[in-house]
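> structure for this input, please:
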Amino acid sequence: KPEALVKSAKEYLAKGDQKAAVVQLRSALQKNPDLAEARFLLGGALLDTGDFPASEKELRKALELEYPADQVVPTLVRVIVAEGRFKAAIDEFGTASIGSPQGTAELQSALGQAYFATGNAAAGKAAFEAALAAQSDYPPAILGVVVLAVQREGTHIREKVSDLRLRLGDVLLVQGDAEALASFRGPGDFV
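Here you go, the predicted structure:
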């Protein structure tokens with residue numbers, strides 16, 4: 001039965017075996033193509049395997065079959081962003097609202113990446129902050145905020161590194177450590 005195949009697929013997903021889950025879910029959908037949950041699960045599993053076009057197709061079908069948008073939309077936006085279609089993600093889902101903290105964090109983090117990629121750092125920062133407000137320990141949101149901060153402060157950080165490098169060079173020179181000084185002044189930069 002298709003339902004038994006979906007149950008089996010969920011077990012495979014819980015074990016991290018996306019390939020086996022994909023096989024089970026496709027088998028279930030061959031028997032009943034209107035299983036919205038199977039479409040959603042298949043879309044997520046395909047995202048995890050890197051098959052973005054097939055993932056998007058399944059997630060859109062899950063929406064058509066009225067699987068809860070609060071679950072589908074965040075994953076769908078992640079797929080669109082993973083495909084590099086940043087403007088499309090923003091245009092279609094930039095104003096979307098999700099009811100769960102996890103879904104909001106996932107959606108806003110994906111939108112933050114899209115805004116950042118299109119050069120809108122302010123909107124990206126706002127999206128990452130909204131993700132953290134929904135779920136303060138959501139790793140993609142934390143990473144997004146850090147990347148934005150480093151980029152914003154990049155010149156300042158480079159200046160600090162250069163200043164520290166000069167001071168270290170002075171110390172090595174005073175200590176008479178010519179070998180360390182020579183390796184210190186080698187090719188390349190910290191940043």
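> roughly how far does Ala141 sit from Ala89?
Per C-beta to C-beta, to the nearest Å, Ala141 is found 16 Å from Ala89. Heads up, the C-betas are built off the backbone N, CA and C, glycines and all.
> again with Leu59
Distance from Leu59 to Ala89, counting by C-beta to C-beta: 13 Å.
> by mean pLDDT, which helix or strand of the protein comes out lowest?
Using mean pLDDT, DSSP states H and E, helix 178-184 stands out as the lowest-scoring helix or strand of the chain, at a mean of 45.
> can I get the helix or strand hosting Val150 as CSV, trimmed to CA atoms?
Here Val150 sits within helix 139-152, counting by DSSP states H and E. The C-alpha coordinates for helix 139-152 follow below in CSV (Å, rounded to 0.1, in the frame of the first residue of the first chain):
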residue,chain,number,x,y,z
PRO,A,139,22.5,27.6,12.5
PRO,A,140,21.9,29.1,9.0
ALA,A,141,20.6,32.3,10.6
ILE,A,142,23.6,32.6,13.0
LEU,A,143,26.0,32.0,10.1
GLY,A,144,24.2,34.6,8.0
VAL,A,145,24.5,37.3,10.7
VAL,A,146,28.2,36.4,11.1
VAL,A,147,28.9,36.6,7.4
LEU,A,148,27.1,40.0,7.1
ALA,A,149,29.0,41.3,10.2
VAL,A,150,32.4,40.2,8.8
GLN,A,151,31.6,41.7,5.4
ARG,A,152,30.4,45.0,7.0
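> got a list of contacts for that helix?
By C-beta atoms under 8 Å, 6 or more residues apart in numbering, the list of residues contacting helix 139-152 from outside reads 105-106, 108-110, 112-113, 116, 121, 124-125, 127-129, 131-132, 135, 157.
> so which bits of that helix are buried?
Within helix 139-152, the residues that count as buried by 16 or more other C-beta atoms under 10 Å are 140-141, 144-145, 148.
> for the residue lying closest to Asn32 once chain neighbours are set aside, give me phi and psi.
Nearest residue to Asn32 in three dimensions, chain neighbours excluded: Pro2, at 4.3 Å (C-beta to C-beta, 6 or more residues apart in numbering). Backbone torsions of Pro2, given as degrees, to the nearest 10, read phi -60, psi -40.
> cool, Leu65 as well?
Here is the backbone geometry of Leu65 (degrees, to the nearest 10): phi -80, psi 10.
> quick one: it and Arg39 touch, right?
Yes: judged on C-beta atoms under 8 Å, Leu65 makes contact with Arg39 at a distance of 6.2 Å.
> these two - which one has more neighbours?
Arg39 (25 against 16; other C-beta atoms under 10 Å).
> show me what contacts Glu106?
With C-beta under 8 Å, 6+ apart, Glu106 has these contacts: 74-75, 77-78, 98, 131, 138, 140.
> where's it, which helix or strand?
Per DSSP H and E, Glu106 falls inside helix 101-117.
> the helix or strand just after that helix: which residues count as buried?
Sequence-wise, the next helix or strand downstream of helix 101-117 (DSSP H and E) is helix 121-134. Neighbour counts over helix 121-134 (16+ other C-beta under 10 Å) mark 123-125, 127-132, 134 as buried.
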